[in-house]
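Colleague: sharing a sequence plus its predicted fold:
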Amino acid sequence: MQERIDLIKNVYTAIRESAEASGRDVSEIKLVAVSKTKPVEDIIAFHRTGIREFGENYVQEFVDKFESLKDADILWHFIGSLQRNKVKYIIDKVYMIHTVDSVALAAEIQKQAEKKNVRKVKVLLQVNVGNEPQKGGIEPDELCRMFNEISSMDRISVRGLMSIPPFLSAEELRPYHRKLYDLRTKVISECNADPREFKELSMGMSADFDVAIEEGATIIRPGSILFGERS
């Protein structure tokens, strides 16, 4: 346990130093520990160190972990690609969905929220900042239109943007993080998003969360730095 506590301390020290370096308040930054493919026992161990927000990528794995840990004080983030026919399984269990990339997916979230009487579902719009054809995400030029359509759905609360940038070094990723920050600013200024609600930027993982914080991240998603490398 002491080893995990020391690890968390080091990560939070890095978060604080990155925030201070960019003149930001560290309280603006949330850590979501990405626990995909890792056992429930690992989540429990990190939960004991004080982490309360965890991210999962796969629906069945998330549902199984939710059931195992439903009495724990955990906010679950779904950060993987989400098929419309799987929305019904997570809609009443998840704190936030990071990967909304189409009006069709949002409409299914709206439909299932109505069915299960979920008053509001917090979502982020996933943006394809690297214009990579193999990745999901909204094209930047489509963002305002998508925001307006999705934010009109009364069971959905659009809280900001998320990105999965190209596989590059931390410093090479800086312009992609800056682009997501600029896109959030654009949606607020040109699409009438409420800055009090539309404030989240989910970007930065184990290898680049420090740079992401310097460029405005409010949610970072470290995984391997906490749980170890995945097979």
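Modeller: Alright, I've got the coordinates.
Colleague: can you give me how far the worst-scoring helix or strand of the chain on mean pLDDT is from the chain middle?
Modeller: Using mean pLDDT, DSSP states H and E, the weakest-scoring helix or strand in the chain turns out to be helix 2-21, at a mean of 92. How far helix 2-21 lies from its chain's middle: 19 Å, per Cα atoms, centre = their mean, to the nearest Å.
Colleague: with stretch 164-178 instead?
Modeller: For stretch 164-178, the distance to the chain centre is 16 Å (Cα atoms, centre = their mean).
Colleague: next up, phi/psi of the nearest residue to residue 31 once chain neighbours are set aside, please.
Modeller: In space, and not counting its chain neighbours, residue 31 is closest to residue 220: 5.8 Å by Cβ to Cβ, 6 or more residues apart in numbering. Where C-beta positions appear, they are placed from N, C-alpha and C, glycine not excepted. The phi/psi pair for residue 220 (degrees, to the nearest 10) reads phi -110, psi 150.
Colleague: just to revisit the earlier point, neighbouring contacts of the least confident helix or strand of the chain?
Modeller: If you take Cβ atoms under 8 Å, 6 or more residues apart in numbering as the criterion, helix 2-21 is touched by 25-26, 28-29, 31, 45-46, 49-51, 209-211, 213-214, 220, 222, 225-226.
Colleague: so for that helix, what gets flagged as buried?
Modeller: Residues of helix 2-21 classed as buried: 4, 8, 11, 14-15, 18-19 (neighbour count, 16 or more other Cβ atoms under 10 Å).
Colleague: what's the answer for stretch 70-80, then?
Modeller: Applying 16+ other Cβ under 10 Å to stretch 70-80 flags 74, 76-80 as buried.
Colleague: and which of those residues is nearest to residue 115?
Modeller: Of all the buried residues of stretch 70-80, residue 115 sits closest to residue 78, with 17.8 Å by Cβ to Cβ.
Colleague: from residue 54, how far out is that closest one?
Modeller: For residue 78, the distance to residue 54 equals 10 Å [Cβ to Cβ, to the nearest Å].
Colleague: quick one: which helix or strand includes residue 107?
Modeller: helix 103-115 (DSSP states H and E).
Colleague: in contact with the residue nearest to residue 31, which residues?
Modeller: Counting by Cβ under 8 Å, 6+ apart, residue 220 touches 15, 29-32, 202-205, 209, 212-213.
Colleague: mind putting those residues in a markdown table, secondary structure included?
Modeller: Output for the contacts of residue 220, formatted as a markdown table (DSSP: H, G, I helix; E, B strand; the rest coil):
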| residue | secondary structure |
| --- | --- |
| 15 | helix |
| 29 | coil |
| 30 | strand |
| 31 | strand |
| 32 | coil |
| 202 | strand |
| 203 | coil |
| 204 | coil |
| 205 | coil |
| 209 | helix |
| 212 | helix |
| 213 | helix |
